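1. could you work out the structure for the sequence below:
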Amino acid sequence: TLAGRHRLDALDRHVSGLESVVVAFSGGADSTLLLATCVRNLGAGRVLAATADSPTLSRRELDEARQLALELGAPHEVIRTDELANRCFAENSSDRCFHCKRELFAALRAVAERDGFKHVAYGATQDDLTDFRPGLRAAEQAGAVAPLLEAGFTKQDVRDVSALLGLRTALKPAMACLASRVPYGTRITRDNLVFRM
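-> Now for the predicted structure:
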């Protein structure tokens with residue numbers, strides 16, 4: 001559609017100014033579109049897809065992220081995080097996501113600095129601003145950029161533009177992290193995460 005093409009042009013403009021980037025890559029629709037756009041505009045040599053592997057990520061989703069990065073021609077690194085070691089996360093209060101994402105973005109920033117990438121980018125959209133998303137605060141504090149958000153993308157725009165580009169994640173359902181299935185106030189442990197995989 002014409003609207004989808006305009007959205008894509010806006011995203012291309014935001015991404016092409018980044019120079020080089022580590023993309024927080026979960027393999028979901030948002031981060032897959034972001035990664036594909038970064039590879040297309042910057043070239044694979046200036047992009048690194050980074051997936052955080054932790055007890056809150058299902059093995060199926062990790063395998064899917066690996067496969068998608070391969071299909072998109074993006075270098076991919078799996079970085080280990082262990083938010084369960086953080087008491088603030090494990091206690092599972094309503095700001096649980098902030099503590100998880102703070103660790104994630106610190107790890108991504110370290111990878112970017114190690115390899116000389118200028119930016120860390122993640123796949124937030126306009127819809128995320130209307131939800132309770134403590135993780136966005138962590139991303140902002142870490143200086144991460146959100147090209148989809150800056151280009152005005154909604155979740156529907158992500159699906160429309162993904163379909164335009166032929167990405168197989170265009171219709172992929174959103175996958176919440178395993179910790180989100182544990183009610184607030186119930187301590188998060190490896191056992192109750194495995195139970196929910």
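2. and the helices in the chain?
-> For the chain, applying DSSP state H gives helices covering 2-16, 29-42, 59-72, 87-90, 96-115, 126-130, 134-141, 147-150, 155-164, 190-194.
3. state the distance from the spatially closest residue to Pro147 that is not a sequence neighbour to Val39.
-> Nearest non-adjacent residue to Pro147, counting by CB to CB, 6 or more residues apart in numbering: His14, 4.3 Å away. Any C-beta I mention is one placed from the backbone N, CA and C, and that applies to glycine too. Distance, His14 to Val39, using CB to CB, to the nearest Å: 15 Å.
4. correct me, but Val111 touches Ile79?
-> Yes. Assessed by CB atoms under 8 Å, Val111 is found in contact with Ile79 at 6.3 Å.
5. regarding the protein, what is its longest strand?
-> Looking across the chain with DSSP state E, the single longest strand is strand 47-53.
6. I'd like to know which elements it is packed against.
-> strand 21-24, helix 29-42, helix 59-72, strand 76-80, helix 96-115 (3 or more CB pairs under 8 Å, 6 or more residues apart in numbering; DSSP states H and E).
7. so who does the closest residue to Arg96 other than its chain neighbours touch?
-> Distances taken as CB to CB, 6+ apart put Phe89 closest to Arg96, at 5.6 Å, once the chain neighbours are dropped. Applying CB atoms under 8 Å, 6 or more residues apart in numbering, we find Phe89 in contact with 83, 96, 99-100, 103, 179, 188.
8. just put those residues in CSV and tack on neighbour count, distance to Gly43 and pLDDT.
-> Shown next, in CSV, are the contacts of Phe89 (neighbours: other CB atoms under 10 Å; distance: CB to CB, whole Å; pLDDT from 0 to 100):
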residue, neighbour count, distance to Gly43, pLDDT
Glu83, 23, 33, 84
Arg96, 24, 37, 85
His99, 21, 35, 82
Cys100, 25, 31, 83
Glu103, 19, 30, 90
Ala179, 22, 35, 85
Ile188, 21, 39, 85
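9. residue ranges with poor pLDDT in this structure?
-> Within the chain, the stretches with pLDDT under 70 are 132, 194-197.
10. at 50 what do you get?
-> Applying pLDDT under 50 to the chain flags residues 196-197.
11. please work out which of the helices and strands packed on strand 47-53 is packed deepest.
-> Ranked by mean neighbour count, these are led by strand 21-24 with a mean of 27 (mean count of other CB atoms under 10 Å).
12. adjacent strands (with direction) for that strand?
-> strand 47-53 (parallel), strand 119-121 (parallel) (DSSP bridges).
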